[in-house]
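Colleague: sequence unavailable; structure follows:
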């Protein structure tokens, strides 16, 4: 893999020493927030992971090189450079072959984590089945990646712009466990409430890390989704956010926005419609997921060493 992958000094040292590492995506940096807020958020997320005893490894493709861990200069580049692609699984080979710059989605970050031997990944929210998918077949590649790649993804559920019920049905069909961290209800990104159940409620990093060891130890391949609700004080009122989402979806339909451009458009529209409250909630849930992921990674790493 040396012909494709570069490791940051920090990530390389941690992996060689068999220390806990948490993967991070870069789409949230290049496509999720404006500069410099995106850079500040990325730096804060990495620092939170370090404070919890793990090492951050933000993934990206820069000049065709797969980056496992970004230097401060790389983070600045991803945050403040125009024209960076948004690369999911289908775009991955061409982005590397053509020496392009690309931000990794949930799916491609999982691929990078697998290549690097990292088992835990923190993000904001996963992609899923879009509203109206029975006509458009618009289903995120994140779900297929969760079905087949041995990485645990800690998120505040799926983005609430999606059809959450169909998203959960898809994950159930693909055999992906959904563990609610301190909750029996699947969170809906900006809000803690969706009215939909998780597979199982787990209340400690130890319970989750143990379940991961059992799953993969039994040869049950595929990922695990850890549903970690946004903290109560930053959770938006469900009625308010649902109204903003409905308006944003209608706007997108009228403008003919589809495919991978849809999610960034909707998130930007929702930020406008909620007067910035949704972005504040987004940032806080990402911090919360990073903190939880680091705790799980530390315990998982300890269990792995104990079991040899």
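Modeller: Alright, I've got the coordinates. The shown structure was predicted, so the numbers you read here are calculated from the model rather than taken from an experiment.
Colleague: when you work out contacts or count neighbours from here on, use the C-alpha atoms and nothing else.
Modeller: Fine.
Colleague: go ahead and confirm residue 296 touches residue 206.
Modeller: Yes - between residue 296 and residue 206 there is a contact under C-alpha atoms under 8 Å: 7.1 Å.
Colleague: so what's residue 199 up against?
Modeller: Contacts for residue 199 (C-alpha atoms under 8 Å, 6 or more residues apart in numbering) come out as 177-180, 184.
Colleague: out of residue 296 and residue 206, which sits in the busier spot?
Modeller: Between residue 296 and residue 206, counted using other C-alpha atoms under 10 Å, residue 296 has the larger neighbour count: 28 against 17.
Colleague: how much space separates the residue nearest to the more buried one when sequence neighbours are not counted from residue 298?
Modeller: Distances taken as C-alpha to C-alpha, 6 or more residues apart in numbering place residue 205 nearest to residue 296, at 4.8 Å, with adjacent residues excluded. Between residue 205 and residue 298 the distance is 9 Å, computed by C-alpha to C-alpha, to the nearest Å.
Colleague: neighbour count winner among the two?
Modeller: residue 298 (22 against 19).
Colleague: pLDDT score assigned to the more buried one?
Modeller: The predicted structure scores residue 298 at 98 on the pLDDT scale.
Colleague: that one in helix, strand or coil?
Modeller: Under DSSP: H, G, I helix; E, B strand; the rest coil, residue 298 falls in the helix class.
Colleague: show me the contacts for it.
Modeller: Applying C-alpha under 8 Å, 6+ apart, the residues near residue 298 are 20, 53-54.
Colleague: any chance of these in CSV, plus pLDDT?
Modeller: Below are those laid out as CSV (pLDDT from 0 to 100):
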residue, pLDDT
20, 98
53, 98
54, 98
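Colleague: so which of those belong to strands?
Modeller: Residues of the contacts of residue 298 located in strands (DSSP state E): none.
Colleague: and the contacts of residue 199, which is closest to residue 261?
Modeller: Using C-alpha to C-alpha, residue 178 is the member of these that lies nearest residue 261, at 27.0 Å.
Colleague: how close does the closest one get to residue 226?
Modeller: Counting by C-alpha to C-alpha - residue 178 and residue 226 are separated by 6 Å.
Colleague: for residue 8, same thing?
Modeller: Residue 8 is 27 Å from residue 226, by C-alpha to C-alpha.
Colleague: ok, the two, which is more surrounded?
Modeller: residue 226 (28 against 16).
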